[in-house]
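Visitor: Sequence and computational prediction follow.
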Amino acid sequence: MASAKADVHWTYAGETGPDHWAELEPKSQCTGKAQSPVNIIRTTTVPAVSDAWPLELHYPKSTLLRSVTNDGHSIKYDFEQGDEIAFKGVRFGLVQLHFHEPSEHTLNGVRYPIEMHMVHFSEELSRYTVLAVLGYEGKPSPGYDWLEAYLPLSPGQTKPIEQPFDLASVLPATLTPRFHYEGSLTTPPCSENVNWVVFEQPFMLSEGQVNLLKQNMPTNNYRGVQPLFDRVVSLVVH
Ligand SMILES: [Zn+2]
């Protein structure tokens with residue numbers, strides 16, 4: 001996921017790419033043992049019931065989308081405060097959503113054309129919950145048409161939107177099956193304070209919709225998969 005501020009010194013390739021993030025930001029956790037993204041192998045996940053990992057979306061039917069920014073790392077949409085989810089009984093407010101192309105998480109070793117991160121934060125826990133939606137190519141999605149109407153944007157550019165938006169239009173139809181694990185931000189400082197929720201069901205959008213996002217972001221704006229070490233990934237089927 002992209003960090004909130006538009007740092008320009010780290011990139012996705014070469015001397016300032018992911019292999020050098022820890023040198024660029026010595027105080028970061030980029031070499032920690034609970035990093036993201038990861039490759040999720042379904043057969044090695046631990047089955048869980050929804051009650052153990054309760055997730056509720058409390059988004060209103062129409063939320064206020066404030067602006068869209070090309071921060072040089074991704075295309076990021078900012079929301080008005082008040083759109084919340086509840087994860088394990090704690091409320092997390094939606095801050096922003098953004099994209100990676102291709103995906104950061106892989107499923108059974110498969111990298112998808114796109115991944116959307118919906119970033120939520122709890123002041124109480126000083127912790128994030130990120131909903132990750134993988135995208136595959138098929139028919140166009142009206143929700144993406146709406147988001148992409150504000151592109152193109154050059155790096156550093158922001159456009160105000162201030163329009164209502166139905167978040168359900170860019171989410172899978174059901175919240176299960178989904179994977180959970182504890183990890184990090186996927187950009188410097190790679191802070192290890194993130195609950196990850198990765199939906200197994202990918203969201204369909206068209207090749208043209210993928211390409212439009214791609215043209216507005218750095219090439220391959222994804223971090224490679226990180227070792228799980230002693231972490232487990234849980235799978236909530238229903
Ligand atoms: Zn991200």
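Guide: Here it is on my side, so go on.

Visitor: From now on I want contacts and neighbour counts done on CA atoms only, so please keep to that.
Guide: Will do.

Visitor: And Ser50, its phi and psi?
Guide: Dihedral pair for Ser50: phi -60, psi -30, per degrees, to the nearest 10.

Visitor: count of residues packed around it?
Guide: 17 (other Cα atoms under 10 Å).

Visitor: give the contact list for the closest residue to Pro189 other than its chain neighbours.
Guide: Spatial nearest neighbour of Pro189, excluding adjacent residues (Cα to Cα, 6 or more residues apart in numbering): Ser28 at 4.4 Å. Listed by Cα atoms under 8 Å, 6 or more residues apart in numbering, the contact set of Ser28 reads Ala22, Pro188, Pro189, Cys190, Ser191.

Visitor: Out of those, name the ones that lie in helices.
Guide: Judged by DSSP state H, the contacts of Ser28 include Ala22 as members of helices.

Visitor: Go through the contacts of Ser28 and single out the one with the most neighbours.
Guide: Cys190 (26 neighbours).

Visitor: follow-up on the earlier one: wait, is the residue nearest to Pro189 part of a strand?
Guide: No: counting by DSSP: H, G, I helix; E, B strand; the rest coil, Ser28 is not found in a strand; it is coil.

Visitor: Kindly reformat the contacts of Ser28 as JSON lines and extend each row with distance to the ion.
Guide: As requested, the contacts of Ser28 are exported to JSON lines (distance: Cα to the ion, whole Å):
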{"residue": "Ala22", "distance to the ion": "18"}
{"residue": "Pro188", "distance to the ion": "11"}
{"residue": "Pro189", "distance to the ion": "13"}
{"residue": "Cys190", "distance to the ion": "11"}
{"residue": "Ser191", "distance to the ion": "13"}
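
Visitor: Not counting residues beside it along the chain, what's closest to Ser67?
Guide: Here the residue nearest Ser67, using Cα to Cα, 6+ apart, is Pro160, at 4.3 Å.
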